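Asker: Quick one, structure for this:
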Amino acid sequence: MEQAVVNYLKYLGIPISENYSKKIILSHPDYPSLLSVSDALEQLGIPSKVGKVEEEHLSKIEFPFMIHLESSREGLVLIMNEDDLSKDRIDLTQWKGIVLKAESVEKVRDSEHDEVYKKEQLIKKISMVLMVSLFAVLIIPVLETFSWINTALLSTSVFGVAVGYILFAKELGVTYKPVESFCNTSTRVNCDKILTSDGANILSFFSLSEAVFSYFAFQLIVTGFVLGFSNSMESYLWVLAVGSGLTVPIVFYSIYYQAVKAKTWCRLCMVVNAILMIQVIFFGFLFVQEMITFQNVEVLPFVISLLVFLAISSAVILLKEKSDTASELVNAEIAGKRVKHDPEVFTHLLFQGTKVDYSTEGEEMIIGNSNAPLSLLMVANINCYPCKLGFENVIELIDQYPEQVNVAIKFMMSRNTVHEIPASSFLIRYWKEHISGTTDESANTRALIQDWYVTMNTKVFEDLYPELENNDEMEDQDIAKVHYEWIAKHKIHRTPTFFINGFELPTNYQINDIGSLIAGLMPVLKEKNMTIHKTKELAE
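Answerer: Here you go, the predicted structure:
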C-alpha cells in the first residue's frame, strides 16, 4: 500500500521523501486502512479526498487517481490512464467503489519531512559522484591499455554488477517499478518466488543475490585494475577463466531448479545465467585461439584473487547484516509509533495527567483560531533555545491545521531587560497595549513573539519595538504578573511545558508528535470532553 501511494505522489510531481512518507503511513495506528493514507497525506499538507464512485463514472474522474481493491496485495492501485481500467489489467469485481484522489503541490508542508528530503537529495548527489568517479577509475586504465579482451570482460562485468545490485537490492527490500514489471508478470514468471526459495541460499549466511553481486564485483575489480596495470595479465585471465568454468554447473542447476522444482522462472536469474554462459564461451574462445595457455598459470594470482573475492563477499555479507539490523530497528520504531500515535493511548495518558485552568479573559496571548477544538498552552522562557524550537513546532502545527489548533503563551520572568524592564514583561505589556483586541490579534501576537525568538537580543529588539507609552499605568495593573503568578501557583520550573485542553502533555510525548495524532485525536478528545462534562453534572 505505502509503495503504491509513494508512486502516486511521485507521478503527481510532488517532491517527497519516499522513506519518510512510507514511515508515517506504516506507523499509523490504523495501518493498513485507507485512514492511514488519508491522515498521512493530511500531515504532509497534500490535499486529498476519499469517496465512493459508481463504476460507470469511474473513467470520468481526472487521471491519475487510486482505487481500493480488496484482492490486491497493495490494497490501493494506481490508475494513470484509461488503459489501466481495462479488464486484462484490473479486476473491478473486487472494487467496492472507493477512490482516493490527491492534488499536486509544489512543496510538502512538514518540516521534519523537509529535513529528511534534503538529506536524501544530498545522498543521491554524493552517490552519483561516487558512481561517476568509480566508473572513471575503471574505464581510464582500460582506455590506456585498450584491447578487445579487456573491453569485452569489462562490459559483461559491469552488466553483471548491475544485475547483481538489483538482486541484492530486492533482498534488502529496495524495489524499482520497471524491474518489478520485468520480474513478476504471472505465476510462470515470478522472480520473488525463486529469490525467496530454499534454492536461492548457497549457504545459511550467503544467498544467491550476495554471491552474484560479489562475483561480478570481483570480476570488475580484476578487469578494471589488475588487467590494466599487471604484468601477469595472462595469469589473471586464467583466474577469471577458472572462475567462469566453475559457474557452468551452477547455471545448469539454476535452470533445472526453476523448470522442475519451482515450476516458475526468474527473469533476472536467467539474465545472470546468460552473462555467465557468454563469459564461458568467451574464455573458451581465448583458450582455443591459444591467447591463454597452461604456461600462463601461476599460483600467486590465484591466491591474490581468492583474497580479493573473500574480502568483497565478506563486505557484502556484513553490509547485508547491517542493513537487516537497521531494518529491524526501523520496524521496531514503526511498531512503537503505532502504539504511541494511537489516539486512545494518548488521551488515556493525557487525561491521567495534571489538569490546569489557564483561561483569563483579556489576558491570554493566543495565536490561531480562538474557537479551535484543540487548545495548546505553552509555558516558555524567552531566553530558552528549546522554547524557541518548541514555539516553531507549535506555529508549524497551527499552519498545518489552522481551523483545529490554537496556542496560548505564558512567559516566565526574564532577567534581561528591554527599555529598562524585564524583557518578558515588555513583551506582555507591549502585547496588551498594541495588540490585544485588534482585528489581527493572532497574526500580530505571532509576529511579536517570532521577532523576539529570531534575534533573542535586547538591543535589536529595542530598535524594532519602541518604549511603551503607558508603562507606569500598565505596571500598576500588574499585567505581566498574571503570567508569573500563574506559573508560580502551578510550580512549573521546566520550559517549555505544554498543556493540551488543560492537561499536561504526557512525559513520553513531544509537541511535534501532535501532528501525527491530530487527525484521530479530534473525535476522541470530543468524546472524552463530553464524558468529563457529564461526570461533573452528575457529581453536582
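Asker: Can you report how many residues lie near V454?
Answerer: For V454, the count of nearby residues is 12 (other CB atoms under 10 Å). Placement of C-beta: from N, CA and C, glycine included.
Asker: Show me what the mean pLDDT comes to for the host helix or strand of it.
Answerer: Secondary structure from DSSP states H and E places V454 in helix 441-455. For helix 441-455, mean pLDDT is 92.
Asker: ditto for stretch 91-111
Answerer: Average pLDDT, stretch 91-111: 82.
Asker: which of the residues in it are buried?
Answerer: W95, I98, V99, L100, K101, A102, V105, V108, D110 (16 or more other CB atoms under 10 Å).
Asker: Which ones among the residues you listed map onto helices?
Answerer: Per DSSP state H, helices hold no members of the buried residues of stretch 91-111.
Asker: Please tell me how far A200 sits from V260.
Answerer: Distance from A200 to V260, counting by CB to CB, to the nearest Å: 16 Å.
Asker: More neighbours: which of those two?
Answerer: Set side by side, A200 and V260 show more neighbours around A200, with 21 against 8, by other CB under 10 Å.
Asker: OK, contacts around that one?
Answerer: Taking CB atoms under 8 Å, 6 or more residues apart in numbering, we find A200 in contact with I194, S207, L208, S209.
Asker: at 7 Å instead, please
Answerer: Neighbouring residues of A200 by CB atoms under 7 Å, 6 or more residues apart in numbering: I194, S207, L208.
Asker: Quick check: the gap between the closest residue to L505 other than its chain neighbours and I492.
Answerer: In this structure, L505 finds its nearest non-sequential neighbour in F498, 4.2 Å apart by CB to CB, 6 or more residues apart in numbering. When distance is defined by CB to CB, F498 is 11 Å away from I492.
Asker: picking that back up, could I have the CA atoms of the helix holding V454 written out in CSV?
Answerer: Only the C-alpha atoms of helix 441-455 are listed here, as CSV (Å, rounded to 0.1, in the frame of the first residue of the first chain):
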residue,chain,number,x,y,z
GLU,A,441,-4.6,40.0,17.1
SER,A,442,-3.5,36.4,16.3
ALA,A,443,-1.1,37.4,13.5
ASN,A,444,0.4,40.3,15.4
THR,A,445,0.9,38.2,18.5
ARG,A,446,2.7,35.6,16.4
ALA,A,447,4.9,38.3,14.8
LEU,A,448,5.8,39.8,18.1
ILE,A,449,7.0,36.5,19.6
GLN,A,450,8.7,35.4,16.4
ASP,A,451,10.6,38.7,16.2
TRP,A,452,11.9,38.0,19.7
TYR,A,453,12.9,34.4,19.1
VAL,A,454,14.6,35.3,15.7
THR,A,455,17.1,37.7,17.4
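Asker: buried sites along it?
Answerer: E441, S442, N444, T445, R446, L448, I449, W452, Y453.
Asker: Could you identify the most distant pair in those?
Answerer: Pairwise distances across the buried residues of helix 441-455 peak at 18.8 Å for E441 and Y453 (criterion: CB to CB).
Asker: Tell me how many other residues crowd F225.
Answerer: 15.
Asker: Please identify the helix or strand for L376.
Answerer: Assigned by DSSP H and E, L376 belongs to strand 374-380.
Asker: same thing with E462?
Answerer: helix 458-464.
Asker: contact partners of that helix?
Answerer: With contacts defined as CB under 7 Å, 6+ apart, helix 458-464 is touched by N416, T417, V418, H419, A423, D451, W452, T455.
Asker: okay, the contacts of A200 in JSON lines with secondary structure and neighbour count next?
Answerer: Formatted as JSON lines, the contacts of A200 follow (DSSP: H, G, I helix; E, B strand; the rest coil; neighbours: other CB atoms under 10 Å):
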{"residue": "I194", "secondary structure": "helix", "neighbour count": "24"}
{"residue": "S207", "secondary structure": "strand", "neighbour count": "21"}
{"residue": "L208", "secondary structure": "helix", "neighbour count": "24"}
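Asker: quick one: which of the residues you listed is nearest to F346?
Answerer: After measuring the contacts of A200 against F346 - CB to CB - the closest member comes out as S207, at 41.5 Å.
Asker: quick one: that closest one and L78, what's the gap?
Answerer: Remark: distance between S207 and L78 (CB to CB) = 31 Å.
Asker: again with A443
Answerer: Distance from A443 to L78, counting by CB to CB: 40 Å.
Asker: list the buried ones in stretch 242-251?
Answerer: G243, S244, T247, I250, V251.
Asker: Do me a favour and get the end-to-end distance for it?
Answerer: In stretch 242-251, first residue to last residue: 15 Å (CA to CA, to the nearest Å).
Asker: export the buried residues of helix 441-455 to CSV and tack on distance to E18?
Answerer: As requested, the buried residues of helix 441-455 are exported to CSV (distance: CB to CB, whole Å):
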residue, distance to E18
E441, 41
S442, 36
N444, 40
T445, 38
R446, 33
L448, 39
I449, 36
W452, 38
Y453, 33
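Asker: nearest to S305, of those?
Answerer: Nearest to S305 among the buried residues of helix 441-455, with distances taken as CB to CB, is Y453, at 62.1 Å.
Asker: Looks like the closest one contacts L389 (just checking).
Answerer: No - Y453 is beyond contact range of L389, at 9.1 Å (criterion: CB atoms under 7 Å).
Asker: where along the stretch 151-300 of the chain do the strands fall?
Answerer: All strands of the stretch 151-300 of the chain, identified by DSSP state E, counting those that start in this stretch, fall at 201-203, 206-207.
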